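>>> whatever this is, show me its structure:
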Amino acid sequence: MTPTNDKTKGGLRGELGVIALVFMVLAFNGPASTIFQYIPTIVSQGNGVGVPSMYLMVGMTVLVFSVGLNAMARRMTQPGGFYTFIAAGLGRPLGLASGLIALVSYILLGAGQWPLFAMGVQHLLEGTFHLSTTPSWWMIGLIGWTLASTMSLFNIDLSTKILGTLATAELLLALVWNVKVYWNGGSEGRVFDVFSSSFGSGAALAFVFGILSMTGFESLQVFRAESRDPERTVPRATYVSVGMIAVLYAASSYAYIMSFGPSKVVAAGMQDPTGAMLVSFVRYVGAPAADLANCLLVTSLFAAALAIHNIAARYMFTFGRDQVLPGVLGKANVKHGSPLIAAAVTAATIVLIFGICGFLGLSAVNTFTFFQGMAGYCLIALWVGTSISVVFFSHRPERLGKIGLWQGTIAPILSAIGLGAILYFTTINFRELFDGSQKLANIALATLGCVFITGILLALWYRRYRSSIYMRIGGD
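You can find the predicted model right below:
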């Protein structure tokens, strides 16, 4: 099966190369936000000095997962991410159910990102500009949402230029800090055992947040129609981005631990994770660097939100293209080659969700935690489902012998086992993603279960009453 080129009139258009796609992933991750918020949190509340080894293990698992993902993507006729892959491997009902879960995941990520962005802005205004009062989180989030939503309406090349610039600045600052810490030697020396607590207390939480801080690479598949020579650029960008992220976060977490010393680092970030990292920046790079880092933290959070908007819009576009949702969502803007209508609907949905939370008076922390926890769990489950799907896809009679043993069998099975173990850890510790609230955890699981079942039932209804639409599910 030869992949088709969707860069025709009425389709999505773009000229994304390897570098642009890599920076799209980096922007989705938000290097500054991961380094300033996730790493100190994982060290303090997760598995302590074992965090660097955790990032390397997660990185290796994700790289293996990418092998099967790219092998299957090259044989698909339409871009569509999890929705397309799982439909092709495990059937249309599971594919539609998984696609709805993926769409919900990215919308929830978007809704949860704006409260986090608002907290970053408040921290900047209070800590760097010393303002005594700041706007409420939902007002700040609304301003950021307006700018990102406007940008998502246009050709993807515009967004990648902005994302690339911001991600470059974040990487440079992170590299300077890393070099300074490694050169100085830290408080207790450069060498300590990162494997001693890899699977100790808090390991489950550490692996969950480790996965969350490495998401984004899988979304590159939805940009195939907007990429230059997607058969080469997308796989290369996937491997490069995963490798860069794993090495960057492993090195940065090691540097963070070294900067305070293994015996003191857990306590250092227990109360204020972001503040602890800023202390490290002031100590090893200087106060101006910490102020710059504060600014880049805000731009990092904005860049991640913009990347999430773009990905969610393309899932919405794909459902419209296949007429699973109203077909108008699948119409690209002729002038910009962008999913303009889908992007507008996505943006409206995101602002409605976090706007309701703001109206009800929920805190930014609770809003962010609830939505990000649900979305992160979904993404891990979708990775597992995709790994299994690759195996079934590769072993269909018409494809036997056409996909290598490593790409179509060994790699996806290994990734399914590794990611499945992480999913198991996440499931038994699910309430930790909701600040220990079992009630919220139960509500989240019930909601996601209803979405998944709805997808299956909708597909079965289409098969019985709208067979033409049923045959479009998955785009292949």
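>>> which stretches of the stretch 1-150 of the chain have low pLDDT?
Applying pLDDT under 70 to the stretch 1-150 of the chain picks out residues 1-15, 77-80.
>>> cool, and the stretch 151-300 of the chain?
154-161, 163, 200-201, 219, 222, 225.
>>> ok, now with 90
Judged by pLDDT under 90, the stretch 151-300 of the chain has its weakly predicted residues at 151-171, 186-189, 191-238, 263, 266-279, 287-300.
>>> and the helices in it?
156-184, 203-212, 230-260, 265-268, 273-284, 287-321 (DSSP state H, counting those that start in this stretch).
>>> those into CSV, with extra columns for distance to Pro40 and mean neighbour count?
(Glycine included, C-beta is placed from N, CA and C.) What follows is the helices of the stretch 151-300 of the chain, written out as CSV (distance: least, CB to CB, whole Å; neighbours: other CB atoms under 10 Å):
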stretch, distance to Pro40, mean neighbour count
helix 156-184, 13, 19
helix 203-212, 11, 24
helix 230-260, 7, 22
helix 265-268, 8, 20
helix 273-284, 3, 21
helix 287-321, 12, 24
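>>> using CSV, lay out those helices together with distance to Lys402.
Compiled in CSV, the helices of the stretch 151-300 of the chain are given as follows (distance: least, CB to CB, whole Å):
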stretch, distance to Lys402
helix 156-184, 32
helix 203-212, 31
helix 230-260, 15
helix 265-268, 50
helix 273-284, 48
helix 287-321, 25
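>>> Ser105: which of the ones you listed is closest?
Closest approach to Ser105 among those is made by helix 287-321 (8.7 Å; CB to CB).
>>> so what does that closest one touch, helix or strand wise?
Here helix 287-321 touches helix 18-29, helix 31-33, helix 81-90, helix 92-127, helix 137-152, helix 156-184, helix 273-284, helix 340-359, going by 3 or more CB pairs under 8 Å, 6 or more residues apart in numbering; DSSP states H and E.
>>> ok, Ala364 touching Pro115?
Yes: contact criterion CB atoms under 8 Å: Ala364 and Pro115 qualify, at 3.8 Å.
>>> can you check which residues contact both of those two?
Counting by CB atoms under 8 Å, 6 or more residues apart in numbering, the residues touching both Ala364 and Pro115 are Trp137.
>>> so which of those two has more stuff around it?
Legend: neighbour count by other CB atoms under 10 Å for Ala364 and Pro115, higher for Pro115 (28 against 24).
>>> was I right to think that one contacts Phe354?
Yes: using CB under 8 Å, Pro115 is in contact with Phe354, at 6.3 Å.
>>> what touches both of the two?
Trp138, Gly141, Thr367.
>>> quick one: residues contacting the last one.
Residues counted as contacts of Thr367 (CB under 8 Å, 6+ apart) are Ala111, Gly112, Pro115, Phe354, Cys357, Gly358.
>>> apply 6 Å and report the result again.
For Thr367, the contacting residues are Pro115, Cys357, by CB atoms under 6 Å, 6 or more residues apart in numbering.
>>> and the pLDDT for it?
If you check Thr367, the pLDDT there is 85.
>>> within the helices and strands, which one has it?
helix 364-394 (DSSP states H and E).
>>> shouldn't Ala444 be in contact with Met374?
Yes: in this structure Ala444 lies within contact range of Met374 using CB atoms under 6 Å: 4.8 Å.
>>> which of the two has more neighbours?
Met374 (26 against 23).
>>> so that one makes contact with Leu108?
Yes: assessed by CB under 6 Å, Met374 is found in contact with Leu108 at 5.4 Å.
>>> if we can go back for a sec, which of the helices and strands packed on helix 287-321 sits closest to Gly401?
helix 81-90 (17.3 Å).
>>> residues contacting the closest one, please?
With contact meaning CB under 6 Å, 6+ apart, helix 81-90 is reached by 72, 76, 94-95, 98-99, 102, 221-222, 382, 385-386, 389, 392-393, 473-476.
>>> which of those are buried?
For the contacts of helix 81-90, burial is judged from neighbour counts taken by 16 or more other CB atoms under 10 Å, and it is met by 72, 76, 94-95, 98-99, 102, 221-222, 382, 385-386, 389, 393, 473-476.
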